[in-house]
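Novice: using only what follows, build the 3D model:
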Amino acid sequence: MIRSLQGDVNKWRKEMIEDSKKRKKEMDDWRAEMDEKVRQWQTELKEEIRKEQEAMQEEREATRAEREEWSREKERLSEWLDDTDRLSGAMKKLQEKIERMEEEAERRRRDEKRKNVVIFGMEETKTDKNVVEEMASAVGVEASSWEVLGRVGRQGRAGQRPRPVVARLRTSEDKKEVMRKKGQLKGSNVFVTDDLEPRERRMQKELRDAAAAARREGRVAKVGFGKLWIQGTCHIWTEEGIKVQGQQSSGGADGQRQSGGADGQRQRRF
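Specialist: Sure, this is the predicted structure:
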């Protein structure tokens, strides 16, 4: 019986040893499998990290390139703004120069026109030479000082009023001499006036009309350029009307004094 029991023990021991070897082998295989999986995970993780790092590097490089491009764009914009400012300044200076040139040209034109006179009543049949000779003889300014610029308007039918003649004197003094002596043309059909701008013609017409009205009332009136003297009092023409020189307003005490009495009544007409 002991021998049988000993045999069972040996058998059990043998089985235990075999089982232990089997379990050890299974454990070794599991460990080897796990080690392989860990190595595989590590490899995959390293690859993922490498890819992430490469992507981040590419993004940083793209961001840096965008910053550099933006910086270049800012520089180009700044240069463009500087060029625009310079161009704007140059355009402003050019505009100012053009305006000065236009003003100078206008001033010269006005200065030249101040030497002009308009001659009314010269028959259409008279040549420029005839006009010059007659005017030189009538007012005593030599013919060489005259230049006929032409007639104003279209030529009408025979028997109609002749067109005015525009003439230019050589100097301002010659022009003044003609205007001083134009009274010598009284009694003829010819008379002389300044060559005025439309606004100036309107101004002088209003002054002449006011002078005529004053003369009809028996007052002494004399017309100058832009001015009218009535009974020795100087009136000036403005866009608002004809006023006594120095008059600021028709209101207040001064306005009441100016509008009182006979003189005030005359003043209210202008």
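
Novice: where does this structure have low pLDDT?
Specialist: For the chain, applying pLDDT under 70 flags the ranges 1-3, 156-159, 246-270.

Novice: just the strands from the stretch 1-150 of the chain, written as ranges.
Specialist: 116-120, 146-151 (DSSP state E, counting those that start in this stretch).

Novice: any idea how far the first one is from the chain center?
Specialist: Spelled out, that is strand 116-120. 38 Å (CA atoms, centre = their mean, to the nearest Å).

Novice: repeat for the longest one
Specialist: Using CA atoms, centre = their mean, the mean C-alpha position of strand 146-151 is found 38 Å from that of the whole chain.

Novice: sheet-wise, list the partners of that strand with their directions.
Specialist: strand 165-169 (antiparallel) (DSSP bridges).

Novice: hmm, who's touching the partner strand?
Specialist: 112, 115-119, 122, 131-132, 135, 141, 145-152, 175, 178, 195 (CB atoms under 8 Å, 6 or more residues apart in numbering). (Glycine included, C-beta is placed from N, CA and C.)

Novice: could I get the buried residue list for it?
Specialist: 165-169 (16 or more other CB atoms under 10 Å).

Novice: of these, closest to residue 242?
Specialist: residue 166 (27.8 Å; CB to CB).

Novice: tell me what that closest one is bridged to.
Specialist: What pairs with residue 166, by the bridge criterion (DSSP bridges), is residue 118, residue 150.

Novice: look up how far residue 148 lies from it.
Specialist: To residue 148, residue 166 is 8 Å away according to CB to CB, to the nearest Å.

Novice: what do you get for residue 4?
Specialist: Taking CB to CB, one finds residue 4 at 167 Å from residue 148.

Novice: could you do residue 237 as well?
Specialist: Counting by CB to CB, the gap from residue 237 to residue 148 is 30 Å.

Novice: now do the helices in the stretch 101-250 of the chain.
Specialist: 128-139, 172-181, 198-216 (DSSP state H, counting those that start in this stretch).

Novice: break the chain into its domains for me.
Specialist: If you go by automatic domain parsing, the domain ranges for the chain are 1-84, 114-195, 196-270.

Novice: residue 174 touches residue 143, doesn't it?
Specialist: No: judged on CB atoms under 8 Å, residue 174 makes no contact with residue 143 at a distance of 11.2 Å.

Novice: with neighbour numbers in mind, choose between these two.
Specialist: Neighbour count, other CB atoms under 10 Å: between residue 174 and residue 143, residue 174 has more, with 19 against 13.

Novice: enumerate every residue touching the more buried one.
Specialist: 115, 141, 145.

Novice: of all the helices of the stretch 101-250 of the chain, which one is nearest residue 34?
Specialist: helix 198-216 (110.2 Å).

Novice: which helices and strands does the closest one pack with?
Specialist: strand 191-194, strand 221-223, strand 227-230, strand 233-238, strand 241-244 (3 or more CB pairs under 8 Å, 6 or more residues apart in numbering; DSSP states H and E).

Novice: let's see 7 Å
Specialist: Packing contacts for helix 198-216, counted by 3 or more CB pairs under 7 Å, 6 or more residues apart in numbering; DSSP states H and E, involve strand 221-223, strand 227-230, strand 233-238, strand 241-244.

Novice: how close does the nearest residue to residue 112 once chain neighbours are set aside get to residue 146?
Specialist: The shortest distance from residue 112 to any non-neighbouring residue, by CB to CB, 6 or more residues apart in numbering, is to residue 168 (7.2 Å). Distance, residue 168 to residue 146, using CB to CB: 8 Å.

Novice: just say which of the helices and strands packed on helix 198-216 is most tucked in.
Specialist: Most buried of the helices and strands packed on helix 198-216, by mean neighbour count (mean count of other CB atoms under 10 Å): strand 227-230, with a mean of 20.

Novice: so what touches it?
Specialist: 207, 210-211, 214, 219, 221-222, 234-236, 242 (CB atoms under 7 Å, 6 or more residues apart in numbering).

Novice: do that again at 8 Å, thanks
Specialist: Counting by CB under 8 Å, 6+ apart, 207, 210-211, 214, 219-222, 234-237, 242, 245, 266, 270 sit against strand 227-230.

Novice: on that earlier part again, with distance to residue 91 added, can I get the domains of the chain in CSV?
Specialist: Listed next are these as CSV, based on distance: least, CB to CB, whole Å:
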stretch, distance to residue 91
domain 1-84, 10
domain 114-195, 34
domain 196-270, 31
